[in-house]
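Participant: the following block contains a protein sequence and its predicted model.
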Amino acid sequence: MKKSRYTDSQILSILKQNEAGATVPDLCREHGMSTATFYKWRSKYGGMDASLMKRMKELEDENRRLKKMYAEEKLKAEIVKEALEKKW
């Protein structure tokens, strides 16, 4: 997964600046990002504080690990199934 140029605290501060009245094009120009990035962040992190954002990232990481573990176990089960079905 691609690493973000911006830390969680930077993202939250940019979103808070917008809530305080700064316009989106000005924020994007100031921080060197696209408006699409800003709106993606706002939809994903809007209304969150730092602790909620940290918790969400932890859950996403855990979910990624669990999906990987499931895929590996499913592959092992397929291999065993194929080996048992072969006629020796």
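Facilitator: Yes, it's here. On a predicted model such as this, the values are computed, not experimentally measured, just so you know.
Participant: quick one: low-confidence parts of the chain?
Facilitator: 1-2, 87-88 (pLDDT under 70).
Participant: could you list the domains of it?
Facilitator: For the chain, automatic domain parsing gives the domain ranges 1-48, 57-88.
Participant: output the longest helix belonging to this structure.
Facilitator: helix 50-85 (DSSP state H).
Participant: rewinding a little: mean neighbour count added to the domains of the chain, as CSV?
Facilitator: Just so you know, the C-beta spots here come from the backbone N, C-alpha and C atoms, and that holds for glycine as well. Shown next, in CSV, are these (neighbours: other C-beta atoms under 10 Å):
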stretch, mean neighbour count
domain 1-48, 13
domain 57-88, 9
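Participant: quick one, what contacts residue 20?
Facilitator: If you count contacts by C-beta atoms under 8 Å, 6 or more residues apart in numbering, residue 20 has none.
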